[in-house]
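Visitor: pasting a predicted model and its sequence here:
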Amino acid sequence: MSRLTPKPVLRLYLLVVLLLASALASDPLAYAEVTLVDPATADIGTDTTGATDAAVATQIRNVFSRIESLQQVDVESVHGVVVLSGFVPNEASAVRAVEIASRMRGVVAVEDTTDRTFTLRENAAPLLTSFAQRVESWMKATPLLLAAIALFASVSFVAHRIAVWDDLWSRLTPNPFLAQLASQAVRLAGVVLALVLALNLLGASALTGTILGSAGVVGLAISFGVKDSIENYISSIMLSIRQPFRAQDHVVINEFEGLVIRLTSRSTVLMTLDGNHVRIPNAIVYKSPILNYTRNPQRRLEFVLGVDPAYDPAEAMRVGAETLLGLDWVLAEPDPLAVIESVGDSTILIKFMAWIDQRETDFGKARSLCIRATKNALEEQGFGLPEPTYRLKLSQPLPHLPDAPQAPSSEPEPAAMKPAATASDVPGEMDVAPETHLNEKVREEIALTAEEDLLDSSRPVE
């Protein structure tokens with residue numbers, strides 16, 4: 001930033017001083033003290049000296065003669081005390097007469113002795129006159145009012161036509177929910193613009209600011225009241241943009257599991273595995289973890305079997321894995337796997353894991369038959385699958401118990417190894433084909449219901 005040299009600064013100061021001096025020289029009273037007077041309480045009159053009682057009374061009568069409701073009021077003034085008498089139509093007229101008289105210069109006090117007539121004609125006449133004047137003013141303003149209405153209607157109509165221009169919004173945004181939101185915003189903006197233009201045409205520009213300010217305050221108050229609805233609405237926008245799942249996907253949202261039917265502007269609709277409908281607010285969907293079983297067609301199943309500790313668990317793991325690998329619906333890649341999960345007093349828990357293709361195999365059926373085949377294979381190979389055993393420790397021996405027979409040796413006889421079970425061991429009538437009944441119900445629901453769906457199969461999934 002450049003700095004002023006001393007000479008330009010001095011010249012600027014001299015210029016300001018000259019301007020002030022010229023202003024004071026041209027009008028020395030311009031800067032005198034000014035006292036603002038309220039017109040409603042200002043004194044009426046032009047001369048503050050020599051104001052006689054007669055002059056004051058005459059001045060008040062002249063004022064009252066110009067007011068229809070005070071024309072029957074008599075005025076007397078004695079030593080600055082004004083006495084009002086006569087007739088007034090109502091209390092408001094009496095109060096008005098006292099206010100006018102008290103504002104006259106030279107008046108010390110006002111005494112009201114007027115009588116209130118309360119006649120219908122005198123009280124109704126001002127109302128009728130005011131109504132007639134209003135009607136006349138409205139008649140005069142009719143062309144301008146019609147022009148303002150026409151302007152409001154024209155601008156609103158243009159905004160409405162733009163808002164319903166579906167081809168335009170579909171090109172601007174492929175998301176139908178965002179397109180609807182944008183069209184509503186254009187329609188609302190058009191109405192506000194039309195209202196502002198119409199009010200300005202009527203000369204009520206000050207009213208425009210008042211209306212917009214009030215609308216802002218009301219909108220802020222409403223936003224606090226419908227905070228949850230606004231949060232749900234914004235969540236719907238984000239979900240429609242993200243596309244976290246597709247229709248008919250098998251998902252788990254919060255504690256709800258089922259197939260996705262549709263995503264609306266308010267909720268996500270699922271069909272549970274038992275055929276019921278559940279609507280989850282989009283605010284909950286957006287904030288909750290979503291488990292999607294359909295996204296990856298390959299899914300791992302697992303189960304646990306207990307083997308007697310007396311047998312080699314490694315051999316049991318080998319037999320179980322070979323049995324799973326021999327099943328037609330189990331994928332060879334990745335290989336079936338078995339691991340020891342825990343060792344107890346009466347059993348060794350072995351976890352078996354295998355992968356299936358959900359497009360060709362039902363998860364529940366496959367898991368059940370895998371458990372059955374592995375269990376049979378282990379038993380055929382001589383492995384024991386013991387039941388849980390509990391040991392009881394007694395502080396004192398029980399009386400009158402016969403001698404227990406000699407327990408056999410706990411060393412098991414070597415198990416005769418047999419070939420591992422294969423898929424042929426599973427009965428043919430127990431197929432593992434995926435169940436399509438629930439998917440058919442979902443497709444029927446989608447086809448029969450005309451409710452909006454924000455899920456777009458043409459857009460990429462998040």
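Guide: Right, received. Where do you want to start?

Visitor: quick one: low-confidence ranges for the stretch 301-450 of the chain?
Guide: When residues are selected by pLDDT under 70, those of the stretch 301-450 of the chain lie in 388-391, 396-430.

Visitor: now the helices for it?
Guide: Secondary structure of the stretch 301-450 of the chain, counting by DSSP state H, counting those that start in this stretch: helices at 313-325, 363-380, 437-448.

Visitor: which of those sits most buried?
Guide: Highest mean neighbour count of those: helix 313-325, a mean of 20 (counted as mean count of other CB atoms under 10 Å). Every residue, glycine included, has its C-beta placed from N, CA and C.

Visitor: relative to helix 363-380, how tilted is it?
Guide: Per axes from the mean of the first three to the mean of the last three CA atoms, to 10 degrees, the angle that helix 313-325 makes with helix 363-380 is 130 degrees.

Visitor: other SSEs contacting helix 313-325?
Guide: strand 298-307, strand 337-343, strand 348-357, helix 363-380 (3 or more CB pairs under 8 Å, 6 or more residues apart in numbering; DSSP states H and E).

Visitor: re the thing from before, reformat the helices of the stretch 301-450 of the chain as TSV; add distance to residue 144.
Guide: Compiled in TSV, those are given as follows (distance: least, CB to CB, whole Å):
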stretch	distance to residue 144
helix 313-325	88
helix 363-380	75
helix 437-448	55
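
Visitor: residue 207: which of those helices is closest?
Guide: Nearest to residue 207 among the helices of the stretch 301-450 of the chain is helix 437-448; the distance by CB to CB comes to 50.5 Å.

Visitor: residues touching the closest one, excluding its own?
Guide: Where contact means CB atoms under 8 Å, 6 or more residues apart in numbering, the residues beyond helix 437-448 that reach it are 247, 248, 259, 260, 261, 262, 271, 273, 275, 453.

Visitor: filter those residues to the buried ones?
Guide: With neighbours counted using 16 or more other CB atoms under 10 Å, the contacts of helix 437-448 contain these buried positions: 247, 248, 259, 260, 261, 262, 271, 453.

Visitor: same list, the residues you listed, but as a markdown table with secondary structure, pLDDT and distance to residue 200 please.
Guide: Formatted as a markdown table, the buried ones among the contacts of helix 437-448 follow (DSSP: H, G, I helix; E, B strand; the rest coil; pLDDT from 0 to 100; distance: CB to CB, whole Å):
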| residue | secondary structure | pLDDT | distance to residue 200 |
| --- | --- | --- | --- |
| 247 | coil | 90 | 50 |
| 248 | coil | 91 | 55 |
| 259 | strand | 95 | 56 |
| 260 | strand | 94 | 51 |
| 261 | strand | 93 | 50 |
| 262 | strand | 92 | 46 |
| 271 | strand | 94 | 55 |
| 453 | coil | 83 | 43 |
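
Visitor: what's around residue 299, how many residues?
Guide: Neighbour count of residue 299, defined by other CB atoms under 10 Å: 17.

Visitor: setting aside sequence neighbours, what's the nearest residue to it?
Guide: Nearest in space to residue 299, with sequence neighbours left out and distances taken as CB to CB, 6 or more residues apart in numbering, is residue 358 at 5.2 Å.

Visitor: wait, the one you found touches residue 434, no?
Guide: Yes - applying CB atoms under 8 Å as the test, residue 358 and residue 434 come out as touching, 6.9 Å apart.

Visitor: quick one: secondary structure of residue 82?
Guide: Remark: residue 82 carries the secondary structure label strand [criterion: DSSP: H, G, I helix; E, B strand; the rest coil].

Visitor: which stretches in the protein count as strands?
Guide: Assigned by DSSP state E, the chain shows strands spanning 73-78, 81-88, 109-112, 115-116, 250-253, 256-263, 267-272, 277-281, 290-292, 298-307, 337-343, 348-357.

Visitor: from what I see, residue 383 and residue 316 are in contact.
Guide: Yes - judged on CB under 8 Å, residue 383 makes contact with residue 316 at a distance of 5.3 Å.

Visitor: joint contacts of these two?
Guide: Common contact partners of residue 383 and residue 316 (CB under 8 Å, 6+ apart): residue 307.

Visitor: and the longest helix for this protein?
Guide: Longest helix of the chain, by residue count under DSSP state H: helix 120-163.

Visitor: break the chain into its domains for me.
Guide: Domain segmentation of the chain under automatic domain parsing yields 124-225, 244-295+435-462, 298-387+415-431.

Visitor: would you format those as a markdown table with distance to residue 73 included?
Guide: Converted to a markdown table, the domains of the chain look like this (distance: least, CB to CB, whole Å):
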| stretch | distance to residue 73 |
| --- | --- |
| domain 124-225 | 16 |
| domain 244-295+435-462 | 70 |
| domain 298-387+415-431 | 100 |
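
Visitor: make a markdown table out of the helices and strands packed on helix 313-325 and add distance to residue 196.
Guide: Putting these into a markdown table (distance: least, CB to CB, whole Å) gives the following:
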| stretch | distance to residue 196 |
| --- | --- |
| strand 298-307 | 60 |
| strand 337-343 | 71 |
| strand 348-357 | 63 |
| helix 363-380 | 62 |
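
Visitor: for the residue nearest to residue 280 when sequence neighbours are not counted, name its beta-bridge partners.
Guide: Leaving aside its sequence neighbours, residue 280 sits nearest to residue 268 (CB to CB, 6+ apart; 4.9 Å). Beta bridges link residue 268 to residue 263, residue 280 when assigned by DSSP bridges.

Visitor: what's the neighbour count on residue 268?
Guide: Residues within reach of residue 268, counting by other CB under 10 Å, total 28.

Visitor: could you do residue 435 as well?
Guide: Taking other CB under 10 Å as the definition, residue 435 ends up with a neighbour count of 12.

Visitor: on that earlier part again, just the buried ones among the contacts of helix 437-448 now: which is nearest residue 154?
Guide: Taking CB to CB as the measure, residue 453 is the one of the buried ones among the contacts of helix 437-448 closest to residue 154, at 36.1 Å.
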